[in-house]
Structures are given as C-alpha cells and as structure tokens.
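> show me the folded form of this:
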Amino acid sequence: MGKKINLIISSAVLLVVAGVFIFHSINAERPKKSPGAEQVVINEEGMLFDRAQRAMDSGDLVKARDVYQRIVEKFPASGKVAKAQGSLEDLNVKILFSGIPTGDSRIYAVQKGDTLNRIAKKFGTTPDLISKSNNLKNSFIKIGEKLKVYTAGFSIVVDKSQNILTLKSGQEIIKTYRVSTGKNSCTPVGTFKVINKIIDPPWYKEPGVMIPAGDPKNVLGSRWLGISKPSYGIHGTIQPETIGQSVTEGCVRMRNEEVEELYILVPEGTEVIITE
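The predicted model follows:
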C-alpha cells in the first residue's frame with residue numbers, strides 16, 4: 001500500500017514539473033510585447049522635459065525655450081502641457097529681458113544725438129525694455145555703444161469670459177496673465193490702443209477728488225496703461241486675491257508685479273483687443 005501511495009505522489013510531482021517546464025517553454029517562445037503607443041509618448045515627453053532642463057542648467061535659454069515649444073505643440077493633450085506652457089512663457093520674458101540676440105531683435109550702434117527714448121521710438125519699443133535687456137544702470141549711452149533692441153512689437157488680447165490677458169508678438173504668444181475684468185461685463189469690448197503709461201498713478205475716484213499713489217484707498221496699484229477708451233485702462237491692484245474674478249468698475253486689473261512686467265514691454269500705441 002505504501003509503495004502504491006509513493007508511486008502516486010511521484011507521478012503527481014512529475015506532472016507538476018512537466019507543467020512548469022511546458023509553461024516556461026511557452027513563455028520563452030512567446031515574443032515580448034513592445035511598449036504601447038501611450039508609453040512611447042510618455043517616454044518621449046519625459047526625454048524632452050529632461051532635455052529642456054539640461055539646456056536651462058547650462059544657461060542655453062533659447063534651446064530650452066525651443067524644447068518647451070516642441071512639447072506644447074507635440075503633446076497638447078498631455079497632463080504636463082500646462083507646466084511646459086508656463087516654462088515657455090517665463091523663458092520668453094527672460095530672453096526679452098536679457099542680452100541674448102533673437103530673430104526679433106537687432107544690435108544697434110548708438111549714433112550721435114541718440115537717447116534711449118529716441119531709439120525706442122525709432123524701433124517701436126520702450127526705453128525700459130532697451131535698458132533692461134542691456135543691463136543699463138542709467139539712461140546714459142555712448143556713441144558707438146552696441147545695444148540689443150527688440151523690433152517685432154506687441155499686441156494685447158483680453159478675453160473677458162476667461163479673465164485672461166494674452167501678450168502676443170505677431171501670432172506668437174509671449175505670455176498669458178490672469179486678470180480681473182468688470183462686474184456685469186462692464187469692461188468695454190473692441191479694439192483700442194495704449195495711449196498713456198504712468199508709474200505709481202494717482203486715482204481720480206470722482207471729478208476733483210484725487211487719491212495719491214501709496215494711499216491704501218488707491219485701487220490702481222503700481223502701474224497704469226490707459227487705453228483709447230476714456231477712463232479705462234490696465235492697472236495694478238491692492239487686492240491681488242480678486243485676480244481672476246469679474247469685480248472691477250470696468251478696467252482690467254493685474255497683479256502689481258505682472259503689470260510692471262507688461263509696462264516694461266509694451267510701448268504707447270500698442271493694440272489692445274478686448275473680447276467677450
């Protein structure tokens with residue numbers, strides 16, 4: 001009886017061993033699955049992010065910007081596209097504020113009689129941007145001095161439905177900003193121009209009543225860009241927590257640090273389109 005039981009157990013063990021052998025043989029012959037299309041996309045996107053970061057680390061801002069641009073164009077549905085877009089826009093401004101030459105700028109040799117204002121007017125830019133991109137400590141410039149000058153110009157589009165201000169150069173988006181617009185849709189719609197720019201603007205709350213810059217009641221913040229619709233403009237704020245809401249009396253409201261950036265970039269005469 002014991003021999004019979006041992007024989008049965010041995011046979012069972014042999015069957016198990018044979019089954020394991022056959023299983024491994026079948027799996028060895030079965031071709032390994034290649035990565036799916038989704039995995040390939042993830043890998044490529046990750047490689048591009050790594051390439052952009054290496055370019056940033058080496059100080060090659062233009063290469064980093066171009067890689068982020070490629071990510072945005074190639075992977076528009078990615079969960080990381082907002083991160084790439086934000087990095088792209090930040091780099092656009094950093095390059096504008098640097099001495100790095102681009103296809104939209106030129107190197108200008110200062111002529112006799114030139115001032116920053118005259119050069120800016122000649123090329124449709126701002127003296128502030130010329131000063132910033134050339135790291136000038138003051139407005140003094142010398143004959144023959146080489147200056148980077150941005151020549152492409154800008155336009156502004158305000159989308160009231162999303163409370164987004166987009167700064168463009170030609171068809172290229174330079175940067176987008178969250179803004180506040182008018183309650184009950186009172187921000188005017190149409191095509192306007194920037195007609196004046198003021199640092200630390202006073203606020204005329206009503207005729208004959210002026211609230212100076214720095215007063216806690218002055219709602220205009222640190223900069224004012226008036227548009228060709230009387231009494232309306234783009235300005236800073238003393239209430240940054242309201243950005244993104246439709247709460248103003250009709251003007252476009254920005255965070256102070258962002259309107260200061262915009263102030264440097266756009267000259268008087270810049271087109272401002274406001275849409276519903």
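> domain parsing for this structure?
37-96, 105-150, 155-275 (automatic domain parsing).
> just the terminal-to-terminal distance for the second one.
Distance between the two ends of domain 105-150: 4 Å, counting by C-alpha to C-alpha, to the nearest Å.
> how about whatever helix or strand Phe49 lives in as PDB, C-alpha atoms only?
Here Phe49 sits within helix 37-57, counting by DSSP states H and E. This file holds the C-alpha atoms of helix 37-57, laid out as PDB (Å, rounded to 0.1, in the frame of the first residue of the first chain):
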ATOM      1  CA  ALA A  37       2.000  53.900 -28.200                       C
ATOM      2  CA  GLU A  38       1.000  55.600 -24.900                       C
ATOM      3  CA  GLN A  39       4.200  54.500 -23.200                       C
ATOM      4  CA  VAL A  40       6.200  55.700 -26.200                       C
ATOM      5  CA  VAL A  41       4.600  59.100 -25.900                       C
ATOM      6  CA  ILE A  42       5.300  59.300 -22.200                       C
ATOM      7  CA  ASN A  43       8.900  58.300 -22.700                       C
ATOM      8  CA  GLU A  44       9.400  60.900 -25.500                       C
ATOM      9  CA  GLU A  45       7.700  63.700 -23.500                       C
ATOM     10  CA  GLY A  46       9.900  62.800 -20.500                       C
ATOM     11  CA  MET A  47      13.000  62.900 -22.600                       C
ATOM     12  CA  LEU A  48      12.100  66.400 -23.900                       C
ATOM     13  CA  PHE A  49      11.500  67.700 -20.400                       C
ATOM     14  CA  ASP A  50      14.900  66.300 -19.400                       C
ATOM     15  CA  ARG A  51      16.500  68.000 -22.500                       C
ATOM     16  CA  ALA A  52      14.900  71.300 -21.600                       C
ATOM     17  CA  GLN A  53      16.100  71.100 -18.000                       C
ATOM     18  CA  ARG A  54      19.700  70.300 -19.200                       C
ATOM     19  CA  ALA A  55      19.500  73.400 -21.500                       C
ATOM     20  CA  MET A  56      18.400  75.500 -18.600                       C
ATOM     21  CA  ASP A  57      21.100  74.200 -16.300                       C
END
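> elements contacting it?
helix 61-74, helix 81-96 (3 or more C-beta pairs under 8 Å, 6 or more residues apart in numbering; DSSP states H and E). (C-beta placed from N, C-alpha, C; glycine too.)
> and the last one with helix 61-74, angle?
So the one you mean is helix 81-96. Counting by axes from the mean of the first three to the mean of the last three C-alpha atoms, to 10 degrees, helix 81-96 lies at 150 degrees to helix 61-74.
> buried set for the helix or strand just after helix 81-96?
Scanning forward in sequence from helix 81-96 by DSSP H and E, the next helix or strand is strand 105-109. The neighbour-count check on strand 105-109 (16 or more other C-beta atoms under 10 Å) flags Ser105, Tyr108 as buried.
> check the spacing between the residue minimising distance to the centre of the chain and Gly153 real quick.
In the chain, the centroid-proximal residue (C-alpha atoms, centre = their mean) is Glu89; its distance is 2.4 Å. Taking C-beta to C-beta, to the nearest Å as the measure, Glu89 falls 18 Å from Gly153.
> what's in contact with whichever strand or helix holds Phe192?
Assigned by DSSP H and E, Phe192 belongs to strand 190-199. Strand 190-199 is contacted from outside by 156, 222-229, 232, 234, 263, 266-274, using C-beta atoms under 8 Å, 6 or more residues apart in numbering.
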